[in-house]
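Trainee: fold the following.
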Amino acid sequence: MRKKTLSKVSNKVAFIIIGILVISLLFGFLIINQIKTNQQQASANIFNPASIRVDGLGYRPNDKKLAVLVNPINGFNSSIEYIPSNTVQLKRVSDGEVVYTISVTSWNNQETDVTSGDQVWHADFSEFTTPGDYYIEDTTKGTRSEDFQIDQQVYRPLLVASTRFFYHQRANLAKSEPFSQGHSISQDYVGTNQDTEARYILDPNNDSLRKDLTGGWWDAGDTNKYVSFSQQVVHQLLGSYTQNPTIWTDDFN
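Mentor: As a prediction, the model looks like this:
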């Protein structure tokens with residue numbers, strides 16, 4: 001009888017311990033989940049680049065520098081409300097130091113733009129010319145822009161990438177290292193009935209009309225080629241070189 005009583009007590013104690021453990025685990029999970037939620041909300045509040053928009057390519061020191069601050073009124077993002085402070089801060093990325101205070105001015109008397117559905121403000125920081133990596137923050141409202149750069153050569157990476165695109169888009173050309181930079185391919189579309197022996201579409205069986213049409217550039221991501229479009233490419237490349245020959249240095253790889 002004593003053994004049965006002890007057994008029942010032991011079972012009750014075990015159930016109580018298990019219950020405490022389960023409750024503790026659930027409570028701990030809820031706390032962790034709440035902490036994560038709070039962190040996400042805090043992160044969302046302090047980092048909402050959709051509200052403070054800057055030029056992702058950056059700005060040259062002596063160019064006009066304008067940030068656009070938006071409050072969506074109509075459209076898919078109308079639930080985001082942002083009325084900017086009278087001033088916002090330009091901060092250095094490396095240490096968060098305020099390097100310039102920017103006055104905020106409303107655009108078009110704060111009318112809602114019909115096309116975008118937004119109210120718009122401008123933050124002009126053209127007077128600040130020191131090169132470096134920065135972001136704009138509205139500390140009062142708890143939001144900031146993406147990082148951006150002020151540098152005389154901010155457009156050079158775009159120039160290099162755009163020029164290299166013409167290399168990768170060349171038709172029927174093998175691309176190999178070091179120029180392919182991990183995107184090597186062998187010579188393409190030079191097999192039977194392909195570009196080396198293209199047929200006239202209205203008389204494909206007439207061998208006398210066979211032409212070698214290798215070269216040129218592929219079209220917009222596909223493997224079509226159009227003479228009418230190729231002349232525009234040649235014109236743009238030659239025109240760009242004529243207007244500013246010194247930027248086309250021989251180090252684009």
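
Trainee: C-alpha only now, for contacts and for neighbours.
Mentor: Will do.

Trainee: F252 versus the residue positioned nearest the centre of the chain, what's the distance?
Mentor: For the chain, G56 is the residue whose C-alpha lies nearest the centre (C-alpha atoms, centre = their mean; 8.0 Å). Distance of G56 to F252, computed by C-alpha to C-alpha, to the nearest Å: 22 Å.

Trainee: just the C-alpha atoms of stretch 65-85, please, in PDB.
Mentor: Taking C-alpha atoms only, stretch 65-85 is exported to PDB below (Å, rounded to 0.1, in the frame of the first residue of the first chain):
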ATOM      1  CA  LYS A  65      22.700  66.600 -54.800                       C
ATOM      2  CA  LEU A  66      19.100  66.000 -54.000                       C
ATOM      3  CA  ALA A  67      17.300  63.500 -51.800                       C
ATOM      4  CA  VAL A  68      13.600  63.000 -52.300                       C
ATOM      5  CA  LEU A  69      11.400  62.300 -49.300                       C
ATOM      6  CA  VAL A  70       8.000  60.800 -50.000                       C
ATOM      7  CA  ASN A  71       4.800  60.200 -48.100                       C
ATOM      8  CA  PRO A  72       2.600  57.700 -50.100                       C
ATOM      9  CA  ILE A  73      -1.000  58.800 -50.300                       C
ATOM     10  CA  ASN A  74      -2.400  56.600 -53.000                       C
ATOM     11  CA  GLY A  75      -1.200  53.200 -54.300                       C
ATOM     12  CA  PHE A  76       0.100  49.900 -52.900                       C
ATOM     13  CA  ASN A  77       2.300  51.500 -50.300                       C
ATOM     14  CA  SER A  78      -0.200  54.100 -49.000                       C
ATOM     15  CA  SER A  79      -0.100  52.400 -45.500                       C
ATOM     16  CA  ILE A  80       3.400  53.900 -45.000                       C
ATOM     17  CA  GLU A  81       3.000  57.300 -43.500                       C
ATOM     18  CA  TYR A  82       6.000  59.700 -43.400                       C
ATOM     19  CA  ILE A  83       5.900  63.400 -42.800                       C
ATOM     20  CA  PRO A  84       9.500  64.500 -42.700                       C
ATOM     21  CA  SER A  85      11.100  66.800 -40.100                       C
END
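
Trainee: what's the spacing between E127 and N62?
Mentor: For E127, the distance to N62 - C-alpha to C-alpha - is 8 Å.

Trainee: V160 - that's part of a strand, no?
Mentor: No - applying DSSP: H, G, I helix; E, B strand; the rest coil, one finds V160 to be helix, outside a strand.

Trainee: now for the closest residue to it other than its chain neighbours: which residues touch it?
Mentor: Excluding the flanking residues, the one nearest V160 by C-alpha to C-alpha, 6 or more residues apart in numbering is F252, at 5.8 Å. Neighbouring residues of F252 by C-alpha atoms under 8 Å, 6 or more residues apart in numbering: 160, 163-164.

Trainee: what do you get for D133?
Mentor: Applying C-alpha under 8 Å, 6+ apart to D133 gives the contacts 92-94, 147-150.

Trainee: what sits closest to it if chain neighbours are left out?
Mentor: Q149 (4.5 Å).

Trainee: now which of the contacts of F252 would you call buried?
Mentor: Those of the contacts of F252 that meet the buried threshold are V160, by 16 or more other C-alpha atoms under 10 Å.
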